[in-house]
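Trainee: Sequence plus the predicted model coming up.
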Amino acid sequence: MANAARILVVDDDRLILHTLAAGLRDAGYEVMTADEGELALRLSQEARPDLALLDIRLPGMSGPRIAEQLQRQGAIPIMFLSAYSDADMVEQAVAAGALGYLVKPLDVAQIVPSIEAALARAAEMSSLKQAEANLSRALGSSRATSVAVGLIMERYRLSPEHAFEMLRSYARSRREKVAEAAARIVEAGAEIDLLPHLVPKK
């Protein structure tokens, strides 16, 4: 698969590691494996996985500790693997920002839907962070943009992100820069109908 998701699997049990990796490859994923934390961190730096499946209980560096390091490397999405399903493990997984929690033994066919859901959620979160970064950058670079977004928010009862997307849509329709379109909106006020540029919520 040309666009196969890249998954990092980390487990100190070599049999589980091999079996899970083979099953995921058969399911169409690109798979990297590591049996300890340092190797996992090195692989993630080199290849930037789309998702990391981490055993919670590892010798040396634990799964939650690896998860913390992966977040520092660039918010790599995580699911935890464990032979234990007690409440403490679940709490650790949630605290580390896990998108899912899988209890061993694992059947690849049964966990693929969970993996796909985690990948979709990760993409959604990445898209949201990008939208927030775009908004922050735009508001910081132009007072008119900031005022226009505020006006759109109040007029159409939108969140900052959706107000900015409406402004961007309006700017694209006029082949203008966002700052130019914002200045036009601030000057014209309610005379400009922006409803045709309302971007549907995803």
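Mentor: It's in. None of the values given here were measured: they were computed from a predicted structure.

Trainee: Where does the prediction get shaky in this protein?
Mentor: Within the chain, the set of residues satisfying pLDDT under 70 comprises 1-3, 84-87, 89-90, 92-93, 96, 125-142, 190, 199-202.

Trainee: now with 50?
Mentor: Low-confidence regions of the chain, defined by pLDDT under 50, span residues 1-2.

Trainee: Can you show me the strands along it?
Mentor: With DSSP state E as the criterion, the chain has strands at 6-10, 30-34, 51-55, 78-82, 100-103.

Trainee: Reformat those strands as TSV; add distance to L24.
Mentor: No exception for glycine: its C-beta is placed from N, CA and C like everyone else's. Putting those into TSV (distance: least, C-beta to C-beta, whole Å) gives the following:
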stretch	distance to L24
strand 6-10	6
strand 30-34	5
strand 51-55	8
strand 78-82	12
strand 100-103	12
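
Trainee: Throw those into a markdown table and include mean neighbour count and distance to G23, thanks.
Mentor: Shown next, in a markdown table, are the strands of the chain (neighbours: other C-beta atoms under 10 Å; distance: least, C-beta to C-beta, whole Å):
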| stretch | mean neighbour count | distance to G23 |
| --- | --- | --- |
| strand 6-10 | 24 | 10 |
| strand 30-34 | 19 | 9 |
| strand 51-55 | 24 | 12 |
| strand 78-82 | 24 | 13 |
| strand 100-103 | 17 | 13 |
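
Trainee: So the protein: which segments form each domain?
Mentor: For the chain, whose domains are defined here by automatic domain parsing, the residue ranges read 6-130, 142-197.

Trainee: do you know how far P59 is from R65?
Mentor: In this structure, P59 and R65 are 12 Å apart, going by C-beta to C-beta, to the nearest Å.

Trainee: who's more crowded, the two?
Mentor: For P59 and R65, the more surrounded residue by other C-beta atoms under 10 Å is R65, and the numbers stand at 14 against 9.

Trainee: does that one really touch G37, like I thought?
Mentor: Yes - assessed by C-beta atoms under 8 Å, R65 is found in contact with G37 at 6.9 Å.
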